[in-house]
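Engineer: requesting a structural model of the entry that follows:
(chains A, B, C, D, E and F)
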There are 6 protein chains.
Amino acid sequence: MRFDGRNKEELREINIEKNYIIHPEGSVLISAGNTKVICNASIEEKVPPFMRGEGKGWISAEYAMLPRATGTRNIRESSKGKVSGRTMEIQRLIGRALRAVVDLNVLGERTIWLDCDVIQADGGTRTASITGAFIAMTLAVYELHKEKSFDSFPIQDFLAATSVGILEDEAAVLDLNYVEDSAANVDMNIIMTGSGRFVELQGTGEEATFSDEELTELLQLGKKGIQELIQKQEEELGASITALIKGE
Amino acid sequence: MRFDGRNKEELREINIEKNYIIHPEGSVLISAGNTKVICNASIEEKVPPFMRGEGKGWISAEYAMLPRATGTRNIRESSKGKVSGRTMEIQRLIGRALRAVVDLNVLGERTIWLDCDVIQADGGTRTASITGAFIAMTLAVYELHKEKSFDSFPIQDFLAATSVGILEDEAAVLDLNYVEDSAANVDMNIIMTGSGRFVELQGTGEEATFSDEELTELLQLGKKGIQELIQKQEEELGASITALIKGE
Amino acid sequence: MRFDGRNKEELREINIEKNYIIHPEGSVLISAGNTKVICNASIEEKVPPFMRGEGKGWISAEYAMLPRATGTRNIRESSKGKVSGRTMEIQRLIGRALRAVVDLNVLGERTIWLDCDVIQADGGTRTASITGAFIAMTLAVYELHKEKSFDSFPIQDFLAATSVGILEDEAAVLDLNYVEDSAANVDMNIIMTGSGRFVELQGTGEEATFSDEELTELLQLGKKGIQELIQKQEEELGASITALIKGE
Amino acid sequence: MRFDGRNKEELREINIEKNYIIHPEGSVLISAGNTKVICNASIEEKVPPFMRGEGKGWISAEYAMLPRATGTRNIRESSKGKVSGRTMEIQRLIGRALRAVVDLNVLGERTIWLDCDVIQADGGTRTASITGAFIAMTLAVYELHKEKSFDSFPIQDFLAATSVGILEDEAAVLDLNYVEDSAANVDMNIIMTGSGRFVELQGTGEEATFSDEELTELLQLGKKGIQELIQKQEEELGASITALIKGE
Amino acid sequence: MRFDGRNKEELREINIEKNYIIHPEGSVLISAGNTKVICNASIEEKVPPFMRGEGKGWISAEYAMLPRATGTRNIRESSKGKVSGRTMEIQRLIGRALRAVVDLNVLGERTIWLDCDVIQADGGTRTASITGAFIAMTLAVYELHKEKSFDSFPIQDFLAATSVGILEDEAAVLDLNYVEDSAANVDMNIIMTGSGRFVELQGTGEEATFSDEELTELLQLGKKGIQELIQKQEEELGASITALIKGE
Amino acid sequence: MRFDGRNKEELREINIEKNYIIHPEGSVLISAGNTKVICNASIEEKVPPFMRGEGKGWISAEYAMLPRATGTRNIRESSKGKVSGRTMEIQRLIGRALRAVVDLNVLGERTIWLDCDVIQADGGTRTASITGAFIAMTLAVYELHKEKSFDSFPIQDFLAATSVGILEDEAAVLDLNYVEDSAANVDMNIIMTGSGRFVELQGTGEEATFSDEELTELLQLGKKGIQELIQKQEEELGASITALIKGE
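Structural biologist: Numbering: from 1, shown residues only, chains lettered A, B, ... in the order given. Modelled structure (predicted):
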């Protein structure tokens, strides 16, 4: 039993508020326990310079935290005049993950920007960002699809992310909150599709290492969590969008 | 009659959600119509270098917009690597205004940081930030007061802000939304105290000018709006904090 | 009687040296007491990207201080690698003020750059910059007018600025020098046209507030000062340019 | 058979030139095929501010490429004035990996800096950096050990890294060069210890995904490569240092 | 005969206005023909971190141009956010040159800052800066000397600088203005002391080269110019300061 | 006799490894004693914006040191976010020197980039960079010449650089290493062509000055050293390229 009452293979409560901000083409407030992220999707009718003229689309993500999303106030990255290594790593990860389930040729020469702004943090902000950004992106692409009638729906599979880890007492657990994350020896982020394929696997020993057996147990827990998250995404997006994604 | 149905001296609907984020010492989500700002107050037990050893406190503000707070996506200031002139002007204004109603000697050698993050914008984001930041600051100072028992309550008056302007058809109106603000010839921000004194007055002709008579009318409208905002602040903060501020 | 011998409604001595620097299209060294600012106007035959193709002109200002313009040496903003919030606020103010008296459609698709470089500071540097920049700009536009024969003269009114304030002993005074400015509770910058209309009004309580009556007195003093400054501008520019501006 | 003649489970030729640069405490030129990296280890007798007074050491890495390490000249990051997201991600990875095999308490309050400068690139620069940096670090720590006589040798296990991937034709291969890396659907970096435990696992689908079975095959190949690399490290470091690391 | 009427070994007219700005410890406006530079000397009672506790002083220079010092407006370095290579090269040169004639041990643990701000440029701005900065520095040190009674006067020799060059028609000339400088094949800056010793010699072929004979001729011209400049410095500083410098 | 056994007019041993890096159009590893610099030449088929359409080429250089090229680790300029004044001065010098022996009209509208990366430093890094960059540039231009058949060979003379200096004991010496350089009173860099003409002369007193006689002796030593360096360049480039440069 974990200190917040969950068992080792239990996700925190997920809430998704669709159309949270009025301006973006797709917008979601996702909360996973006390972690809250605003995920906004914007459609821009052009692609980065290195891709122009190829007829393909692009997906790009940005991630930030409000200064008091955390227990102690952080200095704003705009005040520091530069984006930290951690932020860059996370936003590259979000963009790469989303691109894995989108047919960029069908999308056509336009960019989808995903802005993931953490307004309250309690561990797992990058995985909540991916799970929420998938919904925001899908809402935006669905509107575009209604307008443009793509030959097929550009989003070809569901996508969600969660974290798993090994705590100091060697227990493997699903969906770590901040206290657990700080104490974990091994931390792994798993991003998978609705059809059960891996998109990204990032396992890190924090001044620690892990064995083959531990890897197997972590992957097991992660898959279970992802399935529940994708179940939740299907409910939120509804039957008709789900069918489009599944190509049914 | 204005296009959103208000008459010329009518504020937009104000909503205030207290304790919105769990980590900060004071936190508020303020909405004025479609403008929504998260105002977080943090207490830091030190002051900037130029003030050390004087026994006085300091109040500092930062302001930012999420990229999709607006109709078109803005580039993040952290990505640009610098804070725009507009942002600096606004955060200097917020800090200066709040300092006008706080006895920094009573506060003692600590800094109150106010983070105003606009999650949705529809005009009047700087005035909503001030009105909301006053409540977040008061909540944080009240907690500090309970713990430290200051000789007197450091906050000595209420403080709110609103905008007034002259539209293209020469009508003076209160509390401009984005569409009105874009079309206004003259734009004035007024910051006043609960006792009806000016803290800041910023009237600007946008490729236009204004007369003495117009100034008088704008000030009239502004005062009416501020009184209503301070009425709302009193309700939200409750009788006992209101009494502390009023020194009753 | 003020410590430099002036009465409360007396400006410092104004000197204007026209054609001070040989290269710019318009150039002025303005001194207001010990405050000295070089104001250079440059004509650039293009406008910023966001305005291209509209056939309208633009006016942009930059402001800086030499490191030893002040009593203590300041670090150069180029060495710090960024422009301070104060500098940005001032240069935005100068540009906005000048645009209020220029018909940008008549000016045509070109930019006037105003560089205001304070070589010696004793309070009121931003208002001296505006008063001087108006002359530098007018000299540059007059040369352009002789060459291009605009249908009408693009500058449609005189423009000057001054400061007023309330000292610690509650006296309202005109044109504060550095010592007075440091001691003032309330500080107001007023920018007005030759025809007596407001362009910008910025009143600020420095950890202080002000009443309606005080506002009235400050505006009175400011108007008197502006009229004298515009009188001076007319003398310096001469009868024929004055007539062009007044549309006579 | 791969286009450079290797079979799918074959590493490129590894060469290690010890004491390559005269100044650093440890220095190595590592080449893996055409990829060449100078790895220098520096001992600094202090730790970052957030760790002072704890008696623990720290390991920090920096990574860079010469502009013509690659086929097309890259703009120098010092000229751009900022370090790219990719560079930050790699240098965080190198530091984290090395810390996993070092007992920072034994090391004591000092920092080991690892500078990995790629002078020629042909894929796998981050994994070659880790494999080479481990040797440079060990050489530096060995000198320190001779001087300080630590209670135990601070480096507690061998550490090496390699890449594996799935090519377009679905073949899983070990140690991708640049051409293979560009064409791969899935790319995985594996960092392991001499005792066969994982330190870091980063598997990424590049607009692609991978199955459980493919993961298993990739891990198999990676382990084989790592064992050969560690064999090579043992030879280069010699019997006595190898015994120290193995605690024999 | 040169196009401005000078012969080949003739300096432009030099004017020196002492105590030009009221705040600095030493201040000079130097003009050499149309080149005008404000040289301000500031005394700071500390030295850079790397020199603390040695009891020695330091001299540091900064150089800048107003945007319209030149025929075409330059972008301000503070707006670009960085100082150009040319600026850095010049300010390093000025500081180094001045340090060559000052006994830093006598000066004691303080820094003299020299700010050279070019308000109008017509070639030779760096040499005019050095010649003027020497006077500003001497005025500041003289005040310090009156107050502190150094054992000896810290400035031990006069110092001036000029340029020489070889024009397209192969004529060697003294003190190039902008037009000559742009057309010169070879450009040499010479910095010498009152006692005729070299402090710095920087000869540069601009896509051109020069022979031994040409070098000899350039040095000849330069020495003549420097002697005249130092003559002028002696006049401006007066007999008593001149005697202090000469140790008489 | 110098402490490393050389006499006063003796160069350190020079080694040149051609085609050191496989990707650049020209590549050299030059070592002068313990100073080692990788010089890479890249051809880019365009010129900087200010030169477009003139049909002329351009040569641009960049210079950097690895952090542990020196005895103490230096902070990377990319981490500091800006290039130091020293670096800028050196890279401007290298580019300017190389341009003096190249006919940019013959080269045509393309840029040659020279990257000089110091991997190990022991004094004289800028002069070794120039001597090595000349060879890398020549190798790259020779390849281009074979392909394009220029009317004449764009490189019109040999070019090499060395340092001379006056040590504390007043001895003038050739080719200073780091220890000598640190102790020298006067330091001079000389860049000359194969035909014995000066390209650049930079003599600097480090808190010291030098006389006419000392200048003469330094120039003598420098010329001798340059002749030996150019002899070495001829050997490395071979008879046919040497003939092309000499126009034979």
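
Engineer: give me the element A:Ile94 is part of.
Structural biologist: With the criterion set as DSSP states H and E, the secondary-structure element containing A:Ile94 is helix A:85-99.

Engineer: check the secondary structure at the residue of chain A most remote from its centre for me.
Structural biologist: Most distant from the centre of chain A: A:Gly53, at 29.4 Å, with distances by Cα atoms, centre = their mean. At A:Gly53, secondary structure determined by DSSP: H, G, I helix; E, B strand; the rest coil is coil.

Engineer: please name the nearest non-neighbouring residue to the closest residue to chain C within chain A.
Structural biologist: Across chain A, no residue is closer to chain C than A:Gly81, which sits at 7.1 Å (Cβ to the nearest Cβ). The C-beta positions use only the backbone N, C-alpha and C, and glycine is treated the same way. Excluding the flanking residues, the one nearest A:Gly81 by Cβ to Cβ, 6 or more residues apart in numbering or on different chains is B:Gly81, at 5.1 Å.

Engineer: the one you found reaches D:Lys82, doesn't it?
Structural biologist: Yes - the criterion here is Cβ atoms under 8 Å, and B:Gly81 meets it with D:Lys82 at 7.1 Å.

Engineer: wait, what's in contact with whichever residue of chain A sits closest to chain E?
Structural biologist: Residue nearest to chain E within chain A: A:Gly81 (9.0 Å; Cβ to the nearest Cβ). Listed by Cβ atoms under 8 Å, 6 or more residues apart in numbering or on different chains, the contact set of A:Gly81 reads B:Gly81, B:Lys82, C:Lys82.

Engineer: close to chain C: what parts of chain A are there?
Structural biologist: Among all residues of chain A, those adjacent to chain C (criterion: Cβ under 8 Å from any Cβ of the partner chain) are A:Gly81.

Engineer: pick out the residue nearest the middle of chain A.
Structural biologist: A:Ile130 (0.8 Å).

Engineer: that's a strand at that one, yeah?
Structural biologist: No - per three-state DSSP, A:Ile130 lies outside any strand segment and is helix.

Engineer: mind listing the helices for chain A?
Structural biologist: Counting by DSSP state H, chain A has helices at residues A:77-80, A:85-99, A:104-107, A:125-148, A:178-183, A:212-246.

Engineer: mean pLDDT and distance to chain D for those - can I get that in JSON lines?
Structural biologist: Listed next are these as JSON lines, based on pLDDT from 0 to 100; distance: least, Cβ to the nearest Cβ, whole Å:
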{"stretch": "helix A:77-80", "mean pLDDT": "85", "distance to chain D": "12"}
{"stretch": "helix A:85-99", "mean pLDDT": "95", "distance to chain D": "3"}
{"stretch": "helix A:104-107", "mean pLDDT": "96", "distance to chain D": "7"}
{"stretch": "helix A:125-148", "mean pLDDT": "97", "distance to chain D": "13"}
{"stretch": "helix A:178-183", "mean pLDDT": "94", "distance to chain D": "14"}
{"stretch": "helix A:212-246", "mean pLDDT": "97", "distance to chain D": "6"}
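
Engineer: most tightly packed of these?
Structural biologist: For the helices of chain A, average neighbour numbers computed from mean count of other Cβ atoms under 10 Å in any protein chain shown are highest in helix A:125-148, which has a mean of 24.

Engineer: between helix A:85-99 and that helix, find me the angle.
Structural biologist: Here helix A:125-148 runs at an angle of 40 degrees relative to helix A:85-99 (axes from the mean of the first three to the mean of the last three Cα atoms, to 10 degrees).

Engineer: returning to that earlier point: what number of residues lie near the nearest residue to the residue farthest from the centre of chain A once chain neighbours are set aside?
Structural biologist: Using Cβ to Cβ, 6+ apart and skipping residues adjacent in sequence, the residue nearest A:Gly53 is A:Glu109, 8.0 Å away. Neighbouring residues of A:Glu109 were enumerated by other Cβ atoms under 10 Å in any protein chain shown; the total is 17.

Engineer: same question for the one 3 residues further on.
Structural biologist: When counting by other Cβ under 10 Å, one arrives at 28 neighbours for A:Ile112.

Engineer: might one say that it is in contact with A:Ser42?
Structural biologist: Yes - A:Ile112 is in contact with A:Ser42 according to Cβ under 8 Å; the separation is 7.2 Å.

Engineer: chain F contacts on chain A?
Structural biologist: Applying the criterion Cβ under 8 Å from any Cβ, the portion of chain A that neighbours chain F consists of A:Lys82.

Engineer: same thing but at 10 Å, please
Structural biologist: Taking Cβ under 10 Å from any Cβ of the partner chain as the criterion, the neighbours of chain F within chain A are A:Gly81, A:Lys82.

Engineer: and chain A, which of its residues are near chain E?
Structural biologist: A:Gly81.

Engineer: distance of the closest residue to chain F within chain A relative to A:Gly95?
Structural biologist: Ranked by Cβ to the nearest Cβ, the top residue of chain A for proximity to chain F is A:Lys82, at 7.2 Å. Relative to A:Gly95, A:Lys82 is positioned 19 Å away (criterion: Cβ to Cβ, to the nearest Å).
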